[in-house]
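J.: show me the folded form of this:
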Amino acid sequence: MPTLHCPTDPVNRPTAPNAMTPPSPELRALIFDVDGTLADTEAAHLAAFNEAFDEAGLGWHWDLPRYTQLLEVSGGKERMAHHWAQVNGGVRAIDGLAMADTLQRLHDLKTAAYERQVARGAVQLRAGVLALIDEAHRAGLRLAIATTTSPVNVSALLRRAMGPDWMARFEVIEDASTAPLKKPHPQVYRQTLARLQLPASACLAIEDSANGLAAARDAGLATVITPNDFTAQHDFSHALKVLPQGLAGVRLADLQRWHAARTVATA
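T.: Model prediction:
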């Protein structure tokens, strides 16, 4: 004889709406870009590029408008290669390796010039950055860096700004040495998430540029934008939040609230 279920039997009980929908993930990690986000570095980078060009006797000089245009190209060597193609379109290196060697030498000169500027105190963390990192660290959030700048530049900046043990704050550091595909490619963010072993929905990216926003979004990350003088005109229409004044006065509770609102809206 078949088993009969009464109306109150759990098998026949109606399921409440969204009863099986998992709760929205809490914010568990912050992932920071470096150049333009943690510090206003671009003026120092521009001066370092021009110093390298002078040292190499190239006759190049990037003014502020030109450099602002070139920031649409991610990566120092990539930026120089783009400029080379535009100003010397009819000139070709003897072979590809010769051009690559020239760009590498220029990049080495530029990196050394940038390190000298950082050592002189020409670059500082943006207002509110260190306070937010400290608060998040105390609260137990996991912190990561996802940048496509060189590890030498990252270390020079953060060692001076945060002290010799700066790396202890960041559980994961992905940079140009580990993620060679530059933003807007999402490689650096995908690798960061993989190493954190967290879903994108449990993290927030903090960026300053359209390329950074595109990279983070393509990795599934909600993104808070802190624009600067070089990126203020970029299109940030797909950001979770745009903070024209940067992170000054922003608390962890603010990030948690914005993150929670986003996860509810997309559930």
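J.: max-length helix in this structure?
T.: Using DSSP state H, we find that the single longest helix of the chain is helix 96-119.
J.: would you mind writing the CA trace of that helix as PDB?
T.: C-alpha atoms of helix 96-119 as PDB (Å, rounded to 0.1, in the frame of the first residue of the first chain):
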ATOM      1  CA  GLY A  96      62.200  42.800 -32.500                       C
ATOM      2  CA  LEU A  97      64.800  42.000 -29.900                       C
ATOM      3  CA  ALA A  98      66.700  45.300 -30.500                       C
ATOM      4  CA  MET A  99      63.500  47.200 -29.900                       C
ATOM      5  CA  ALA A 100      62.700  45.200 -26.800                       C
ATOM      6  CA  ASP A 101      66.200  45.800 -25.500                       C
ATOM      7  CA  THR A 102      65.900  49.500 -26.000                       C
ATOM      8  CA  LEU A 103      62.500  49.600 -24.200                       C
ATOM      9  CA  GLN A 104      63.900  47.500 -21.300                       C
ATOM     10  CA  ARG A 105      66.900  49.900 -20.900                       C
ATOM     11  CA  LEU A 106      64.600  52.900 -20.900                       C
ATOM     12  CA  HIS A 107      62.300  51.200 -18.300                       C
ATOM     13  CA  ASP A 108      65.300  50.300 -16.100                       C
ATOM     14  CA  LEU A 109      66.400  54.000 -16.200                       C
ATOM     15  CA  LYS A 110      62.900  55.100 -15.500                       C
ATOM     16  CA  THR A 111      62.500  52.700 -12.500                       C
ATOM     17  CA  ALA A 112      65.800  53.900 -11.000                       C
ATOM     18  CA  ALA A 113      64.700  57.500 -11.400                       C
ATOM     19  CA  TYR A 114      61.300  56.700  -9.800                       C
ATOM     20  CA  GLU A 115      63.000  55.000  -6.800                       C
ATOM     21  CA  ARG A 116      65.100  58.100  -6.200                       C
ATOM     22  CA  GLN A 117      62.000  60.300  -6.200                       C
ATOM     23  CA  VAL A 118      60.300  58.000  -3.700                       C
ATOM     24  CA  ALA A 119      63.400  58.000  -1.500                       C
END
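J.: neighbouring contacts of it?
T.: 44-45, 47-49, 51-53, 55-56, 58, 76-77, 80-81, 84, 92-93, 123, 150, 152-153, 156-157, 160 (Cβ atoms under 8 Å, 6 or more residues apart in numbering). All C-beta spots, glycine's among them, are computed from the backbone N, C-alpha and C.
J.: could you give me the buried positions within that helix?
T.: Residues 102-103, 106-107, 109-111, 113-115, 117-118 are the ones in helix 96-119 that count as buried (16 or more other Cβ atoms under 10 Å).
J.: and stretch 50-70, by the same measure?
T.: Buried-residue list, stretch 50-70, by 16+ other Cβ under 10 Å: 50-53, 60, 62, 67-68, 70.
J.: same question for the longest helix of the chain, mean pLDDT?
T.: When pLDDT is averaged along helix 96-119, the result is 89.
J.: any idea how far it is from the middle of the chain?
T.: Centre-to-centre, helix 96-119 and its host chain are 22 Å apart (Cα atoms, centre = their mean, to the nearest Å).
J.: same check on stretch 61-75?
T.: That offset, for stretch 61-75, works out to 18 Å (Cα atoms, centre = their mean).
J.: likewise for stretch 159-166?
T.: That offset, for stretch 159-166, works out to 19 Å (Cα atoms, centre = their mean).
J.: tell me where the chain has strands.
T.: Listed in chain order, the strands of the chain (DSSP state E) span residues 29-32, 142-146, 172-174, 203-207, 222-225, 241-242.
J.: columns distance to residue 188 on top of these, output as TSV?
T.: Below are these laid out as TSV (distance: least, Cβ to Cβ, whole Å):
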stretch	distance to residue 188
strand 29-32	9
strand 142-146	5
strand 172-174	5
strand 203-207	10
strand 222-225	13
strand 241-242	21
